[in-house]
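take this sequence and fold it.
(one chain, ligands or ions: 1)
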Amino acid sequence: MTRTTLETIDEGQQPMAAPGTGQAGIGIPARRVDGLAKVTGRARYAAEHPSEDLLYGVVVNSTIARGRILSMDTGRALAVPGVVDVLTHENRPAHRALDRYYKDMVAPAGSPFKPLHRDEIECSGQPIALVVAESFEVARYAASLVQVRYDVWEHGTSLLEHLDERHPPNPEKTGYTPPPPPKGDADAAYAQAPVKTETVCYSGVEHHNPMEMHASTVWRDARGHLLIHDKSQGSQNCRDTLMNVFGLPERKITVRNPFVGGAFGSGLRPQYQLFLAVMAALKLERSVRVVLTRQQMFTFGHRPETWQRVRLAAERDGRLRALIHEAVTETSRREDYVEVVVNWSGQLYNADNVRLEHQLVDLDVYTPIDMRAPGAAHGVHAIEVAMDELSYALGMDPLTLRLVNYAEKDGNTGLPFSSKELRACYDRAAERFGWHRRLPAPRAMRQGNELVGWGMATGTWDAMQMQARASATFHADGRLEVTCAASDIGTGTYTAISQIAAEAMGLPLEQVIFRLGDSDLPKAPIEGGSSHVATVGSAVDGACERLRRLIWRLAREIRGGGMEGTSFNEVEFRDGTIRLRDDPARALPLPGVLRARRKDKLAVRYLSEPNQKAQSAHTCAVHSAVFCEVRVDEALGTVRVARVVSAIAAGRIINPMTARSQIVGGIVWGIGQALHEETLTDHRLGRFMNHNLSEYHVPTNADVHDIDVIFVEEDDRIVSRMGAKGVGEIGIVGVSAAISNAIYHATGKRLRSLPMTPDKVMAS
Ligand code: MOS
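Purely as a prediction, here's the structure:
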């Protein structure tokens, strides 16, 4: 194949330094360094990489939820001029069959899905064929001609109908913290306490709807090397899984994801279009692109349907006596996908008697997958609605009730928090919101034909760091080049990490280039769990420290340079120079140091490990306090979220502008979760009905009003060496609860199921 366009493509892969931002280290609201490439279209996404020799694959999906393929007639499809092949379970090339080859970095316990592996259908929408043609249009048309005969079996797709079949999760599940053992006797304490509440809530299925659909463009060169542009949250996770599945050596595969148009968890695991595109490229020895349609975005995992019950009991002064939180979530029959749903309750509030339980129901669905703040988005919703109910039962202000039960230590483990400025979040957000002006009784506030409700909730999420490597190269022309196989799924990673490097080396942001999104770069984990800044940032910060030492050693050797005899602690790196802390006039420009020692560049690598000892002695978490105002028109059942104030404690904020964007995005999604988003299943067919953006409602600008974000800074050197935590997920947590609580305050109606659509507002 030809690679004539490669040079122009590679140019598009370079993030651009933001012009005119000047010195921009940690804490400065620098504009995105990749912003120019994105708005000018030079940033290419997975499906946009051109090639003159490309085949196009279109996926055919199962129309039944469970059964067996009796026969597939691909003759009419193959007869269409331009169709090259139709891959099915009957004619696919041999591939590895054992589960372990398909287990990616974040696979849950169980048996992963293997595309085109066999004739059995396990869920509606399961990919069953790939039609490959010389053009996308031909492939799409031919895909419509594939005829399938099924033996249809009975299926179960409703969580609520199958609640009795619940079972504890498989303990092998990686990355999942099971609920802690019970404390005291929660059921007895609940029975005896003077004030108690029971909150049952249900949340429907949600699907990720990033702007960019999942896509893989596989370039195959004459020697059989595969350069794959894939929409993913981890290029090395995809590469490693492909190596395992297809038995290929590392040198044969490069996966790139330098620009990702949103992912929110949908790209944590390699998705089926990647396997199918690679399968076709290997079989046909051609370059292949497979792009999913918006409808197919509803076929590979979702936020699971969830049922919860929270029972709280308290003394009359508000002190919690018993806390019982039970959750049941759906999973597929092949994998135990399980989120941390109930643990947050015991972490947020201390009670002597606590029972937290999480169980699963196996359904004929695709395995659910992480979606922004997986588990917390639901679990914190339930506990925060329950706390609101309890506050009314006690006749106590909802915020006061939180303060009465404020956990100074993690109630689950007894460990101290590495940092926890939640109290300051409550204070600052309540003051900004004007919470003290709230009239406590439901239905007490009204304006025109709308009831006004004020509600609040707490949010929390993990703060974590993983292992990563980074390289840092300082060039004699003054440029600093930093690399790591990290991802930027739209979160601002390019910019934040560039700022960390700029700060570490005392350079203006324009002189820093951070390269990510390539599996050949130094090792990085997936971008997930709000951990990337702490993880990749620490690797880059460590590499820069190594580079500073190297430059200082060279500087000491320059006779008359002013650095002779200094110790490393006596110098600092500022304004592009190495200089004495106590005598800043004694300074050497960094390029001058390299030139004086006849070096055109200095390069280092660094492996960063989380501080396991300190982290295991603490609970590391981020927190938020969310206050909101809703306007409810009871005649129409409409709810408008007029104002949201969210105060966030998430360590040091590297870039207040991109961090704010993360929080605002999370709040907007919280509005969607509370009021709009749900994928409904026709259980007779076991099939999602509204798998498109006209019927799956995500919030639009008309749904979004005032959003005010406050950062309460912490400096947490246990979570990361920069003091930063992460802000990717905390923005959404607690938002739906605050809205639900505000709707109750407005109307006196407690809505039990999400989303709280107008029909429910009117009916209850
Ligand atoms: Mo996030 S759900 O870990 O992408």
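
does the helix ranked longest in the chain reach the ligand?
When the chain is parsed with DSSP state H, its longest helix is helix 532-556. No: figure legend: helix 532-556 not in contact with the ligand (Cβ under 6 Å from any ligand atom); closest approach 9.3 Å. For every residue, glycine as well, the C-beta is placed using N, CA and C.

start the count at 893, not 1, going forward
In the new numbering, first residue 893, that becomes helix 1424-1448.

where does the residue of the stretch 893-1042 of the chain found nearest the ligand fall, phi/psi-wise?
Nearest to the ligand, among the residues of the stretch 893-1042 of the chain, is residue 998, at 8.5 Å (Cβ to the nearest ligand atom). Dihedral pair for residue 998: phi -120, psi 20, per degrees, to the nearest 10.

show me the contacts for the closest residue to it other than its chain neighbours.
Distances taken as Cβ to Cβ, 6 or more residues apart in numbering place residue 1160 nearest to residue 998, at 5.1 Å, with adjacent residues excluded. Residue 1160 sits next to 998, 1125-1126, 1129, 1261-1262, 1418, 1420 when contact means Cβ atoms under 8 Å, 6 or more residues apart in numbering.

next one: residue 1548
Per Cβ under 8 Å, 6+ apart, neighbours of residue 1548: 919-921, 1603.

ok, now with 10 Å
By Cβ atoms under 10 Å, 6 or more residues apart in numbering, the residues touching residue 1548 are 919-922, 1601, 1603, 1605.

and for residue 1069?
1232, 1235, 1267, 1304, 1354.

pretty sure the fourth one contacts residue 1239?
Yep, that's residue 1304 we're talking about. Yes: if you go by Cβ atoms under 10 Å, residue 1304 and residue 1239 touch, sitting 5.2 Å apart.

buried residues, stretch 1109-1119. List them.
1109-1112, 1118-1119 (16 or more other Cβ atoms under 10 Å).

so what does residue 1540 look like in phi/psi?
The phi/psi pair for residue 1540 (degrees, to the nearest 10) is phi -120, psi 130.

identify the bridge partners of the spatially closest residue to it that is not a sequence neighbour.
Using Cβ to Cβ, 6+ apart and skipping the chain neighbours, the partner closest in space to residue 1540 is residue 1516 (4.9 Å). When assigned by DSSP bridges, residue 1516 has beta-bridge partners residue 1351, residue 1540.

right, and residue 1516 touches residue 1554 too?
No: Residue 1516 lies out of contact with residue 1554 (Cβ under 10 Å); the separation is 11.9 Å.

more neighbours: which of these two?
Set residue 1516 next to residue 1554 and count neighbours by other Cβ atoms under 10 Å: residue 1516 wins out with 33 against 24.

ok, that one to the ligand distance?
As judged by Cβ to the nearest ligand atom, to the nearest Å, residue 1516 and the ligand stand 17 Å apart.

tell me the contacts of that residue?
Contacts of residue 1516 (Cβ under 10 Å, 6+ apart): 1272, 1314, 1317-1318, 1321, 1349-1353, 1538-1542, 1555, 1558-1559, 1601-1602, 1604, 1619, 1622-1627, 1630.

which parts of the stretch 1143-1292 of the chain sit against the ligand?
1156-1157, 1160, 1262-1264, 1266.

pull the most distant pair out of the residues you listed.
1160 and 1264 (11.2 Å; Cβ to Cβ).

overlap in contacts, residue 1516 and residue 1554.
With Cβ under 10 Å, 6+ apart as the test, residue 1516 and residue 1554 both reach 1540, 1542, 1601, 1619, 1622-1624.

could you dump those into JSON lines with secondary structure, distance to residue 1216 and neighbour count added?
Shown next, in JSON lines, are those (DSSP: H, G, I helix; E, B strand; the rest coil; distance: Cβ to Cβ, whole Å; neighbours: other Cβ atoms under 10 Å):
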{"residue": "1540", "secondary structure": "strand", "distance to residue 1216": "29", "neighbour count": "30"}
{"residue": "1542", "secondary structure": "coil", "distance to residue 1216": "30", "neighbour count": "33"}
{"residue": "1601", "secondary structure": "strand", "distance to residue 1216": "34", "neighbour count": "22"}
{"residue": "1619", "secondary structure": "coil", "distance to residue 1216": "31", "neighbour count": "30"}
{"residue": "1622", "secondary structure": "coil", "distance to residue 1216": "26", "neighbour count": "30"}
{"residue": "1623", "secondary structure": "coil", "distance to residue 1216": "28", "neighbour count": "32"}
{"residue": "1624", "secondary structure": "coil", "distance to residue 1216": "25", "neighbour count": "31"}
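
low-confidence stretches in the protein?
893-915, 1065-1067, 1656 (pLDDT under 70).

near the ligand, which residues of it?
1125, 1156-1157, 1160, 1262-1264, 1266, 1420-1421.

for the residues you listed, pick the one with the most neighbours.
residue 1156 (29 neighbours).

in the stretch 1043-1192 of the chain, which spans are strands?
Assignment of strands within the stretch 1043-1192 of the chain using DSSP state E, counting those that start in this stretch yields the ranges 1087-1095, 1107-1112, 1118-1122, 1145-1148, 1179-1183.

for residue 975, find the nearest of those.
strand 1179-1183 (13.5 Å).

partners of that closest one, with directions?
strand 946-953 (parallel), strand 1107-1112 (antiparallel).

quote the end-to-end distance of stretch 1024-1041.
21 Å (Cα to Cα, to the nearest Å).

my read: residue 1342 touches residue 1335, true?
No: assessed by Cβ under 10 Å, residue 1342 is found out of contact with residue 1335, at 11.8 Å.

okay, these two: which has more neighbours?
residue 1342 (20 against 17).

and that one, backbone torsions?
Torsion angles, degrees, to the nearest 10, at residue 1342: phi -110, psi 140.

same deal with residue 1274?
Per degrees, to the nearest 10, the backbone of residue 1274 is at phi -60, psi -50.

check residue 1556 too.
Per degrees, to the nearest 10, the backbone of residue 1556 is at phi -60, psi -40.

can you get me a residue count around it?
Neighbours around residue 1556, by other Cβ under 10 Å: 17.

what's the answer for residue 1076, then?
15.

show me what the residue nearest to it when sequence neighbours are not counted bridges to in the sheet.
Ranked by Cβ to Cβ, 6+ apart and with sequence neighbours excluded, the top spatial neighbour of residue 1076 is residue 1245, at 3.5 Å. Counting by DSSP bridges, residue 1245 forms beta bridges with residue 1214.

ok, residue 1245 touching residue 1077?
Yes: if you go by Cβ under 10 Å, residue 1245 and residue 1077 touch, sitting 5.8 Å apart.

what is in contact with the two at once?
Shared contacts of residue 1245 and residue 1077, counting by Cβ under 10 Å, 6+ apart, come down to 1084, 1214.

host element of residue 1519?
strand 1513-1525 (DSSP states H and E).

buried residues in that strand?
Those would be 1513-1525, for strand 1513-1525 by 16+ other Cβ under 10 Å.

how about the CA coordinates for that strand, as CSV?
Output in CSV follows, covering the C-alpha atoms of strand 1513-1525 (Å, rounded to 0.1, in the frame of the first residue of the first chain):
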residue,chain,number,x,y,z
ALA,A,1513,-10.7,10.7,47.4
VAL,A,1514,-12.1,13.9,45.8
HIS,A,1515,-15.2,15.6,47.1
SER,A,1516,-17.8,18.1,46.1
ALA,A,1517,-20.8,19.9,47.4
VAL,A,1518,-23.6,20.6,44.8
PHE,A,1519,-26.4,23.0,45.3
CYS,A,1520,-29.1,23.6,42.7
GLU,A,1521,-32.3,25.4,42.0
VAL,A,1522,-35.0,23.9,39.9
ARG,A,1523,-38.1,25.5,38.5
VAL,A,1524,-41.0,23.0,38.1
ASP,A,1525,-44.1,23.7,36.1
